[in-house]
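Colleague: When you get a sec, could you give me coordinates for this:
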Amino acid sequence: RGRAALWGAAREAGRAAIFHRRSVFKYRGIGNASQQRDFRFRLKARIGRAFLTLDQCKRVRHHGAVVHEAGGGKAEAKPGQEPEAAVAEPTAPAAEKKEEPSGAGRDGEGAVTKATEGGEPSPKRAKVDEGGHEDGEAVKDDDANGAPGPAPTSKDPASNAKQTAEQEKKPESATVEAAGNKNHAMAANAKEAEANNNNGNNNGKSQQGVGKTGDNMGGQKRAEIYTYNAKDMVFSLAWSVRKDKKFRLAAGSFVEEYQNKVEILYLDETKGEFGLSEPALSFSHPFPATKIMFVPEKGAGGADLLATSSDYLRLYTIDDTQQGNSSVEVKSILSNSSNSEFCAPLTSFDWNEDDLNKIGTSSIDTTCTIWDLEKEVVDTQLIAHDREVYDFAWGGAGVFASVSADGSVRVFDLRDKEHSTIIYESPHPEVPLVRLGWNKQDPRYMATVLMDSSKVIILDIRFPTLPVAELQRHQASVNQLAWAPHSSCHICTAGDDAQALIWDLSSMSQPLDGSLDPILAYHAGAEINNLQWSSAQPDWVAIAFSSSVQILRV
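Modeller: Numbering: from 1, shown residues only. Coordinates of the predicted model:
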C-alpha cells in the first residue's frame, strides 16, 4: 500500500509539472480573463491532486494506518503487522534538539534569522513541485516550507503515531536558518513590528501602516523593519542615490490596466514614519513600470531626475525641497520607434553611472537602445539577441550586457558594435534568462536567473559558459537579485518562496558545488516581487511583496 501510494504521488506530481511546462507559453497568449482563471484553476487542481496523493502516502509511511483509495474505501493495516512502506525505507534517527541562541529563530511571520556561532549548517529542505504555486496558493505539508519532519524511529505503528503527534505539538521552527560561522548579527520579529504599527505609529493613515521593531534584544542590536502598505500590488522599486535624500524610495504599482501609479516614499527616522509624505509625490503612470531608477548622482547640485520604463522611456523632474509644495513633472518621453505610432514595450533599462548622459534600454523587439539624454535622441540601437531581451546592465562607460529569451548572456562593447561575446547559455535553449546583475565592485562577476528557476547562477566573464557558483537554497522561482553596493562578495536574492537571502561569495575563487548556504535570511508575508539594495545607505535593503513595501536594516 505504501509503495502504491508513493507511485501515485509521483505520477500526479509529474503530470502537474508537465502540464505546467506545456502551458506556460500558452497562458501568455490567453487574452480573456475567464480563460486565464480557467487555466489557473486547472493547474491548481493538478497540483492539488499531486499533493493530496503525496499526503496520503505520508500518512501510511508515518502512521501505518489509512490510505483513501479512489473508490472511496480504505485499507487498514492489520494489528501487529508492520506496513510495507515502513520497511521499504530505513528510518532516519530523530533530530537532536539544540538550544537556539538569543536572537535566532522566529515567533511569527516576517522574521530574520542568523547563523549561530559555531553552529551546524541548516539541513536541506525537500524541493517543492516544479510547477510552482501560482497566485500565491498555499500547499499544506508537514513543515511550513515543505520540509518533512523527522522520520519515526520506532517500528511499532502505535508508537510511531504517538511520536508523530508529539512532534506536531512542538512549536514551529524558524523559517530559514542561515548557516556557517558568520559574525553578522541580524534578527527581527514581525509580531513586535505589527504591535508597534497598531500602537498609534500609523502616520495618520488608516490603510497605510508603518511598523518598526525595537533596537535591542538580549544585548544584541535588532534589525529594524519599516513597512508601507499601498493600495495596489507593488512591483518596481528604486532607492535614491543623493546624499541629501538617503531615505527616499520610489515604488511602482502593478495593475493590469492602463492607469498605474508611482509613489515616492520617505523615511523619517526621528519619528519612525515611512510612507508618502505628500499626495503630490504620487503620480499616474501609463501601464505598470517595469523598472524605476533615480539618477545615479550622489551630489545635490544636479537635476533631481527619475526614469521609468513601460511602453516608453520616461524622465521626470522631482521638486521636493519645500515641504507642502512638492511636485513631479514629466521632462521627456523617449520612443525608439519613430516610424510607427506603435512601440515595442521596454522590459528594463540601466542608467550609466560613469556617463549620466546615457541610459540603455532592452525591449521585446530583440533590440538594446542607448539613449543620449541631453539631446533626447538614440545614440545606438543594436539587434542584441534572437528573441525578446529581458534585462540590461552597464559594466562600464561603454560596456553593457543583456539577457534574453534565447537563453544567453551577451556582452557588448560600444567601440565594436558589430560583435558581442556570449558569456553564458542556458542548458536548455528554450528556457529564457530573465534577470541580470553586474557586480559594480568587481566587474569580473555577474549573476543571472533562469525563468521559473530556484537557482541563481554566478558567472566570471573571464571564463565564459561555465558558472563559478550556483546558489540553490530558494524553494521557488527567483524573481530579483542585487549585488551589495559596498562589497564585492555579497549578493541578495528574493523569490516566490517569500524569502530574501544574503550570500557571502568570498570563496568564489574556489569551485562551489552548490552547497553554499546564505548567511542571512528574511521571510516576508508573500512572494517577493522586487528587491533593491541602497547604495546611499548600504545597511538597508528594500523589498516589495503583495501591496507592501518593506525596508530592512541588514
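
Colleague: And the pLDDT at residue 516?
Modeller: pLDDT, residue 516: 89.

Colleague: partner strands of the helix or strand encompassing residue 459, parallel or antiparallel?
Modeller: Assessed by DSSP states H and E, residue 459 sits inside strand 456-460. Strand 456-460 has its sheet partners listed here by DSSP bridges as strand 445-450 (antiparallel), strand 469-471 (antiparallel).

Colleague: now, of the ones you listed, which is deepest in the fold?
Modeller: With neighbours taken as mean count of other Cβ atoms under 10 Å, these reach their highest mean count in strand 445-450, at a mean of 25. Bear in mind the C-beta positions are built from the backbone N, C-alpha and C, glycine included.

Colleague: So what's the model's average confidence on that one?
Modeller: The model assigns strand 445-450 a mean pLDDT of 96.

Colleague: Can I get it in CSV, CA atoms only?
Modeller: Output of strand 445-450 as CSV, limited to C-alpha atoms (Å, rounded to 0.1, in the frame of the first residue of the first chain):
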residue,chain,number,x,y,z
TYR,A,445,31.4,38.8,-11.9
MET,A,446,27.8,38.9,-12.8
ALA,A,447,24.7,37.0,-11.8
THR,A,448,21.7,35.8,-13.8
VAL,A,449,18.4,33.8,-13.2
LEU,A,450,16.6,31.4,-15.5
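
Colleague: Begin at 46, not 1, for the rest of this chat.
Modeller: Sure thing, new numbering starts at 46, so read that last one as strand 490-495.

Colleague: if we can go back for a sec, so which of the strands paired with strand 501-505 is nearest residue 327?
Modeller: strand 490-495 (30.7 Å; Cβ to Cβ).

Colleague: Mind putting the strands paired with strand 501-505 into CSV with distance to residue 306?
Modeller: Below are the strands paired with strand 501-505 laid out as CSV (distance: least, Cβ to Cβ, whole Å):
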stretch, distance to residue 306
strand 490-495, 27
strand 514-516, 33
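
Colleague: Residue 289: neighbour count?
Modeller: Residue 289 has 12 neighbouring residues, counting by other Cβ atoms under 10 Å.

Colleague: so it sits in a helix?
Modeller: Yes. The assignment for residue 289 (DSSP: H, G, I helix; E, B strand; the rest coil) places it in a helix.

Colleague: Out of the strands paired with strand 501-505, which gets nearest to residue 338?
Modeller: Residue 338 sits nearest to strand 490-495 of all those, at 18.3 Å, using Cβ to Cβ.

Colleague: hmm, who's touching that closest one?
Modeller: Strand 490-495 is contacted by residues 438, 440, 446, 448, 452, 454, 468-469, 471, 476-484, 500-506, 513, 523-524, 526, 528, 533, 536, 550, 553 when judged by Cβ atoms under 8 Å, 6 or more residues apart in numbering.

Colleague: Pull out the buried members of those residues.
Modeller: The neighbour count (16 or more other Cβ atoms under 10 Å) marks 438, 440, 446, 448, 452, 454, 468-469, 471, 477-484, 500-506, 513, 523-524, 526, 528, 533, 536, 550, 553 as buried among the contacts of strand 490-495.

Colleague: taking these one by one, which sit in strands?
Modeller: Among these, the residues falling in strands (DSSP state E) are 438, 446, 448, 454, 468-469, 478-483, 501-505, 523-524, 526, 528, 536.

Colleague: Any idea which helix or strand in the chain has the lowest mean pLDDT?
Modeller: Every helix and strand of the chain was ranked by mean pLDDT, DSSP states H and E. The lowest is strand 261-262, at a mean of 31.

Colleague: Residue 433 and residue 353, how far apart?
Modeller: As judged by Cβ to Cβ, to the nearest Å, residue 433 and residue 353 stand 19 Å apart.

Colleague: And for residue 490?
Modeller: Taken as Cβ to Cβ, the span from residue 490 to residue 353 is 28 Å.

Colleague: Report how many residues lie close to residue 424.
Modeller: Under the criterion other Cβ under 10 Å, the count of neighbours that residue 424 has is 15.

Colleague: what kind of secondary structure is it in?
Modeller: strand.

Colleague: show me what contacts it?
Modeller: Contacts of residue 424 (Cβ under 8 Å, 6+ apart): 403, 415-417.

Colleague: Name the nearest of the residues you listed relative to residue 328.
Modeller: Closest to residue 328 out of those is residue 416 (21.7 Å), distances taken as Cβ to Cβ.

Colleague: From residue 397, how far off is the nearest residue to that closest one once chain neighbours are set aside?
Modeller: Spatially, and ignoring its direct neighbours in sequence, residue 416 is nearest to residue 404 (4.7 Å; Cβ to Cβ, 6 or more residues apart in numbering). From residue 404 over to residue 397 the distance is 7 Å, taken as Cβ to Cβ.
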